[in-house]
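> Here is a sequence with its predicted model. Questions after.
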Amino acid sequence: MVTRNEWSSFERLLRDACGPTRIGIVAVDLRGVFRMVPDLRLSPEIQEHRCSLCTLAKSTPDGWRRCSSNKLVASTTAVRSDRAVVGICRLGITEHIERFVVNDVPVGLFYLGQVVRTDLRAASAERLARGAPPASREHYESVRAQLPRVSRRAFDRTVLRVRAVLDFAAALIRAEGIPLADLGAEIMGKEWSRIREQPPIVRRALVLVSRSAGQRLSVTELAARLRCSREYLTRAFGDAMGVSPGRYIELHRLEVARHLLAETNLAVGEIAFRSGFSDPSHLSARFRARFGSTPTDYRRRESVDGGSTGSQTVVDSSERP
């Protein structure tokens, strides 16, 4: 457990901004910038959604998949939008996703919520009635009843305070001179030297994969975003990288997951979501096939051995024909 004295100045400001209204905040570091700057580091507690109602919903595989799917849609919308995303989740909880953009580059997402906004109580109750399992609806409603109630005015004031804190973070990032355009989602590390050596279409594909780690990017969507056919992309990518783009996407997701297991205390379920896997069991199966151990065993071994030795290239020699 991280104490207040160990929080960075950035985290203290974020928590203080939300504290008066009891609005929860969860941060997603899209490019790893917050880990680079000591004054911007965030503890695991603020990187993981811990709302009591969401925890209840994620206690079953089906509930976890539904929550993860909804969050994926909202996050993807927020990353591609030019403004904050505001709504009510399937369990009736107010969700405000504030984009953090520096020099036109998306750096992070900040989820404000874990409360019921008083002006949306009726819509909240209706959404929960549809989203909760029928057999457990009363239990879900009792948990929801214990969540903080916040007026729209108080919620909007909190959003403004958080935006002021993000302005402070943006100023620090600019002062550090971090090359945001050269950073991928969560990790990439040493692989950038290899990316720069590839043909333009492959280089652009690698950058898009890097920046879409948690979005479950398909080969068809990748080709569409590159404005080429799936067949052309597959052929060009295979010639340059020695694997298909689909296989590369999965390998990159696994590297993201491995990095988060070694470098953070996030739960395996949260890591599965951030690395683009449909659920923890899917991550576990693919992780075991790739690295020979489960995510939990890998984290335990890394802890005993003293931590990660750094990110590896996503495609190693064993992946080439």
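Sure thing, it's come through.

> correct me, but Gly24 touches Cys18?
Yes - when contacts are counted by CB atoms under 8 Å, Gly24 is listed as touching Cys18 (7.0 Å). C-beta: built from backbone N, CA, C; applies to glycine.

> who has more neighbours, those two?
Counted by other CB atoms under 10 Å, Gly24 and Cys18 do not tie: Cys18 has more neighbours, with 23 against 19.

> contacting residues around the more buried one?
Counting by CB atoms under 8 Å, 6 or more residues apart in numbering, Cys18 touches 24-25, 112, 158, 161-162.

> mind putting these in CSV, distance to Pro134 and secondary structure included?
Shown next, in CSV, are these (distance: CB to CB, whole Å; DSSP: H, G, I helix; E, B strand; the rest coil):
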residue, distance to Pro134, secondary structure
Gly24, 27, strand
Ile25, 32, strand
Leu112, 30, strand
Thr158, 34, helix
Arg161, 39, helix
Val162, 37, helix
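
> Pick out the most distant pair among those.
The distance between the two most remote of the contacts of Cys18 (CB to CB) is 14.2 Å, for Gly24 and Arg161.

> for the stretch 51-200 of the chain, what are the low-confidence residue spans?
Residue ranges of the stretch 51-200 of the chain with pLDDT under 70: 179, 181-196.

> can you map out the strands along it?
All strands of the stretch 51-200 of the chain, identified by DSSP state E, counting those that start in this stretch, fall at 85-88, 94-102, 105-117, 149-150.

> which residues are in contact with both of Gly24 and Cys18?
Residues within reach of Gly24 and of Cys18 at once, by CB under 8 Å, 6+ apart, are Leu112.

> quick one: contacts for Gly269?
Neighbour list for Gly269: 58, 64, 68, 279-280 [criterion: CB under 8 Å, 6+ apart].

> of the strands of the stretch 51-200 of the chain, which approaches Arg12 most closely?
Nearest to Arg12 among these is strand 105-117 (15.0 Å), distances taken as CB to CB.

> Quick one: list the elements packing against that closest one.
Where contact means 3 or more CB pairs under 8 Å, 6 or more residues apart in numbering; DSSP states H and E, strand 105-117 is packed against strand 24-29, helix 33-36, helix 61-80, strand 94-102, strand 149-150, helix 152-176.

> Format the ones you listed as JSON lines; extra columns: distance to Ser303.
JSON lines is the format used below for the helices and strands packed on strand 105-117 (distance: least, CB to CB, whole Å):
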{"stretch": "strand 24-29", "distance to Ser303": "21"}
{"stretch": "helix 33-36", "distance to Ser303": "18"}
{"stretch": "helix 61-80", "distance to Ser303": "25"}
{"stretch": "strand 94-102", "distance to Ser303": "30"}
{"stretch": "strand 149-150", "distance to Ser303": "39"}
{"stretch": "helix 152-176", "distance to Ser303": "30"}
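
> what about these, which gets the closest to Arg299?
Among the helices and strands packed on strand 105-117, the nearest to Arg299 by CB to CB is helix 33-36 (17.3 Å).

> Which strands and helices lie in contact with the closest one?
The contact analysis (3+ CB pairs under 8 Å, 6+ apart) places helix 33-36 against strand 105-117.

> Please save the CA atoms from the strand it packs on in PDB.
This file holds the C-alpha atoms of strand 105-117, laid out as PDB (Å, rounded to 0.1, in the frame of the first residue of the first chain):
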ATOM      1  CA  VAL A 105      -0.600  13.800 -29.000                       C
ATOM      2  CA  PRO A 106      -2.900  11.700 -26.700                       C
ATOM      3  CA  VAL A 107      -0.800  10.900 -23.600                       C
ATOM      4  CA  GLY A 108      -3.400   9.500 -21.200                       C
ATOM      5  CA  LEU A 109      -7.000   9.100 -20.200                       C
ATOM      6  CA  PHE A 110      -8.500  10.000 -16.800                       C
ATOM      7  CA  TYR A 111     -11.700   8.300 -15.800                       C
ATOM      8  CA  LEU A 112     -13.800  10.400 -13.300                       C
ATOM      9  CA  GLY A 113     -16.700   8.700 -11.700                       C
ATOM     10  CA  GLN A 114     -17.500   5.800  -9.300                       C
ATOM     11  CA  VAL A 115     -20.400   8.000  -8.200                       C
ATOM     12  CA  VAL A 116     -24.100   8.500  -9.200                       C
ATOM     13  CA  ARG A 117     -24.800  12.000 -10.400                       C
END
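
> Fine by me, we can end here.
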